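Colleague: Could you look at this predicted model? Sequence included:
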Amino acid sequence: MPVGTAVVLPDSEQIQNPGFPPYRPRVSDLDPKKARSNERRIALLFAASMVGSVFAIVAYIVFPINANDPGSIRLNNLFLGLGIALSLLGIGIAAVHWSKALMEGHDLSEERHMTRGSEATRASAAEVFHLGNKESGFTRRKLVRNTLIASLALWPLPGIIIFRDLGPADQDANDVLRHTMWKAGTRLTKDPNGVPIKASDVTLGSVFHVIPEGLDDREDALEQKAKAAVLLMRLKPEDLHVSKGRENWNYHGIVAYSKICTHVGCPVALYEQQTHHLLCPCHQSQFDITHEAEVIFGPAKRPLPQLPITVDSEGYLVARSDFHEPVGPSFWERDHT
Amino acid sequence: MRVTNWAANYIDERTGMSGLVKELGRKIFPDHWSYMLGEVALYSFIVILLSGTFLTFFFQASMAETVYHGSYAPLEGIKMSSALSSTLHISFDVRGGLLLRQIHHWAALLFVASIGLHMLRIFFTGAFRKPREINWIVGFTLFVLAMAEGFTGYSLPDDLLSGNGLRIIYGMVEGVPVVGTWIDFLLFGGEFPGDAIVGRLYTLHILLLPAAVVAAIGIHLVLLVVNKHTQFAGPGRTEKNVVGVPIMPVFAAKAGGFFFIVFGVIAVVAATVTINPIWDYGPYDPSPISAGTQPDWYIGFADGALRLVPPGWEFMIGPYTVSLNILIPIIVLVMFLVVVGAYPFFEAWITGDQREHHMTDRPRNAPVRTAIGAAGVTFYAALWAAASSDILATHFKMSVEWVTHIIQFALIVGPFIAYFLAKRICLGLQKKDREIALHGFESGRIVRLPGGEYIEVHRQLSEYERWRLLTYDDYQPLMLRPNERGRITNAARLRARMSRWFFEDRIAPVTKGELEASHQHGGH
């Protein structure tokens, strides 16, 4: 076997292996009394295990779970668990103790052999393949062999194709991810009770977790909420840096931003009132609400999309339109309309 | 006795089992505490199978909406999925249900942890070398499967925390160029969260992944038997023998007993320490979240990788978005795993050593390998710490920005520092071993010689103790030489450079000549 760059010393320079050291007897090898006390200790541990098993069964019965009583669950869990643990540990510690203290303690030695088969075995194995080839004509009949390979390559394909309907057949992801429940006139309501929000309720510095009106009536309420959840805050109008074209997206300093992080989609739920920063607790992206939710820290790149809002005739906050871009994490085709 | 004999005969006449018993019954297993780690992994997996089977009898892997009615009053009347409601049922209405859930979860955490430690043991002792490279790959596969098992299981209860975990997966997959949204729609059956994912993960969690784990463990153990266990150097031990205790009875008693101990310890922990209190989190809802969210520990390094990306890593190619803030972490994680999996082949290529190795190295005797391992551990640790950046921040009263920057720094610089330190420490320890082997160790006894000179008497090691220090594989850097065609290929150049990197600083083992010379020199 090639030894590569290993340094192999000539035999004359190699230090001799001194061979096995003499056996150091244990106390139980020398003193039959000690051996007997070990024996008793092991038996005691096995007995403890029996006690544990019985205790666990008893605990199962005498510590039932009572409705609306968290304490009963704790007791059931604790005593059943400790009983089972004792039953297991008794056996385990006893067996290990037995093996260490009483069983024959001498090290034994067994020969190793090279992992590879002997030359004769390898030759026979090669002969098997040779015969297989000769008797089937695998390499000689090229047409048969090649068509076999081609057919074997093709047969799994239907098995892959039938998984297509794991995903919905009639939806275009880009289309679905682009639209939310919000449309012109949809009222902003409180999450989770669905009570509409009046502009006058939104005092300076307050923050509302918002869902679109009628969310709960939808079959796909969770999917819709996962896109439409919004945070509503009121800042002093002079604190807001509004870009061109968004002048009428806020209402007297009340702004609404998507709550779904543009990084990987956690809810950006932590609002720092003093600095007007939003923090995502998952990966610590931070968004500055005074600058249209632009990213000031963390792995997110895009600002949170803003929901244009106004009030209706009764003074309730409503959306002016849907978001103008897909909410949530970036995806490849998000700007390809 | 007559019954046993009859039964043994009955079985042997129908299976020929006596051959197997003869072959394996007295097989020798070497003993070392670090060989326990793989056993812990195996036994915790058995605990997982047993406890998991119990849970399947009660768990309903459905996202169909239901209203909770059960013993846990705070959630009474709340809308949730059947998955969560049945998990609550297991926890609060089935006697022993909570215990089994907690046994299952703790055993799963222990499973991944012990696999990780077991891998580190194999790595640092060089037990992955020929003929065990394939088993390294099998074990590596088990590590990945274990993480997959963990994550799928974590997601099943459909509580707030696991739902957020799935949301992150969905978001990450969305960031994959071209096919991201496609994969998401196939995986989740459409938009997030949909009503399919829990059922699908359940099939993976209790059927496909366990089958793969069982198959891989089977191969792992068969190869273990075929290759026989490695052993550390010691008197009487050679590359040609294996020294230890026989399966029957000592190893069987030890290993069998150890299974019960592992199970028992898990049971104690499960009986006394709460894990994953889904009743506190409540049902999944895309809107709420609590501060300090983090995944189970073994997913931490992936979550941490996401957190460490600096702002702004996303750009456009025409109308298409490329999310480097997702892609780079994924690539880094995959690369890290690939490096781990491929390491044995890399080292084999550098040394060119095609001998079988059954004696494991003490980590100090392979300084560069140990240093690479230390660097890898540091890299992983930095990613892992990053998954708790917010908790570290509140704990140490720092801003989360600073914590993130410090960990970013640690991720890049830390591995180099760890590499350097580990290598120096290894070389230092090797020098010390050499010194002790040649000159013995200081006995602390000061003797005044007739001439007035004071010396400290050095005590020599016994030849058994010395042997342990002297035997290890030694390599020297590869000399760059032209091949048969008289050319020096780039691959050869690279290999020579790598070899120099590995073996330039080496402490050669003591030779017979040196030992004899030192003894003649006179024992101090």
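Modeller: Ah, there it is.
Colleague: Strands of chain A, start to end?
Modeller: A:108-111, A:188-190, A:207-212, A:230-234, A:254-258, A:270-272, A:277-279, A:286-288, A:294-297, A:306-307, A:309-311, A:317-319 (DSSP state E).
Colleague: Can you tell me what sits against the shortest one?
Modeller: Spelled out, that is strand A:306-307. A:182, A:230, A:246, A:249, A:255-258, A:292-293, A:319, A:323-324 (CB atoms under 8 Å, 6 or more residues apart in numbering or on different chains). Where C-beta positions appear, they are placed from N, C-alpha and C, glycine not excepted.
Colleague: Pipe the residues you listed into TSV and attach neighbour count per row.
Modeller: Below are those laid out as TSV (neighbours: other CB atoms under 10 Å in any protein chain shown):
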residue	neighbour count
A:W182	26
A:V230	28
A:R246	14
A:W249	20
A:V255	27
A:A256	26
A:Y257	23
A:S258	26
A:E292	20
A:A293	25
A:A319	25
A:F323	22
A:H324	12
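Colleague: For burial, what's the neighbour tally of B:H32?
Modeller: Residue neighbour count, defined by other CB atoms under 10 Å in any protein chain shown, stands at 15 for B:H32.
Colleague: Let me see the contact set for it.
Modeller: Contacts for B:H32 (CB under 8 Å, 6+ apart) come out as B:231-232.
Colleague: okay if I get the contacts of strand A:306-307 as a markdown table plus distance to chain B and pLDDT?
Modeller: Below are the contacts of strand A:306-307 laid out as a markdown table (distance: CB to the nearest CB, whole Å; pLDDT from 0 to 100):
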| residue | distance to chain B | pLDDT |
| --- | --- | --- |
| A:W182 | 15 | 95 |
| A:V230 | 9 | 95 |
| A:R246 | 21 | 92 |
| A:W249 | 22 | 94 |
| A:V255 | 18 | 94 |
| A:A256 | 14 | 95 |
| A:Y257 | 13 | 96 |
| A:S258 | 11 | 95 |
| A:E292 | 16 | 94 |
| A:A293 | 13 | 94 |
| A:A319 | 17 | 95 |
| A:F323 | 15 | 95 |
| A:H324 | 16 | 94 |
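Colleague: pLDDT weak spots in the chain?
Modeller: The chain I'm using is chain A. A:337 (pLDDT under 70).
Colleague: I was thinking of chain B, sorry if that wasn't clear
Modeller: Short version for chain B, where the test is pLDDT under 70: B:521-524.
Colleague: can I see the domain layout of it?
Modeller: Domain ranges of chain B: B:1-30, B:31-361, per automatic domain parsing.
Colleague: Run a quick neighbour tally on the closest residue to B:A508 other than its chain neighbours.
Modeller: In space, and not counting its chain neighbours, B:A508 is closest to B:D474: 5.6 Å by CB to CB, 6 or more residues apart in numbering or on different chains. Number of residues near B:D474 (other CB under 10 Å) recorded here: 15.
Colleague: quick one: the strands in the stretch 1-150 of chain B?
Modeller: In the stretch 1-150 of chain B, the strands defined using DSSP state E, counting those that start in this stretch lie at B:28-29, B:65-67, B:79-81.
Colleague: Check whether the shortest one comes near chain A.
Modeller: Translated: strand B:28-29. Yes - Strand B:28-29 is in contact with chain A by CB under 8 Å from any CB of the partner chain, via B:I28.
Colleague: helices and strands around that strand, which ones?
Modeller: strand A:108-111, strand B:241-246 (3 or more CB pairs under 8 Å, 6 or more residues apart in numbering or on different chains; DSSP states H and E).
Colleague: That strand: how far from the chain's middle?
Modeller: 24 Å (CA atoms, centre = their mean, to the nearest Å).
Colleague: Each with direction, which strands does that strand pair with?
Modeller: strand B:241-246 (antiparallel) (DSSP bridges).
Colleague: what does the partner strand contact?
Modeller: Contact partners of strand B:241-246, identified using CB under 8 Å, 6+ apart, comprise A:20, A:107-112, B:25-31, B:228-229, B:231, B:234, B:236-237, B:251, B:254, B:358.
Colleague: please redo it, this time with the cut-off set to 10 Å
Modeller: For strand B:241-246, contacts defined as CB atoms under 10 Å, 6 or more residues apart in numbering or on different chains pick out A:20, A:99, A:103-112, B:24-32, B:35, B:228-232, B:234-237, B:250-254, B:358.
Colleague: Over to stretch A:236-256?
Modeller: A:182, A:188, A:197, A:199, A:202, A:204-206, A:208, A:210, A:230-235, A:276, A:288-294, A:304-311, A:317-321, A:323-324.
Colleague: got the end-to-end distance for that stretch?
Modeller: 14 Å (CA to CA, to the nearest Å).
Colleague: same thing with stretch B:290-307?
Modeller: For stretch B:290-307, by CA to CA, the gap between its terminal residues amounts to 17 Å.
Colleague: any residue of it up close to chain A?
Modeller: Yes - Stretch B:290-307 reaches chain A (CB under 10 Å from any CB of the partner chain) through B:290-295, B:303-307.
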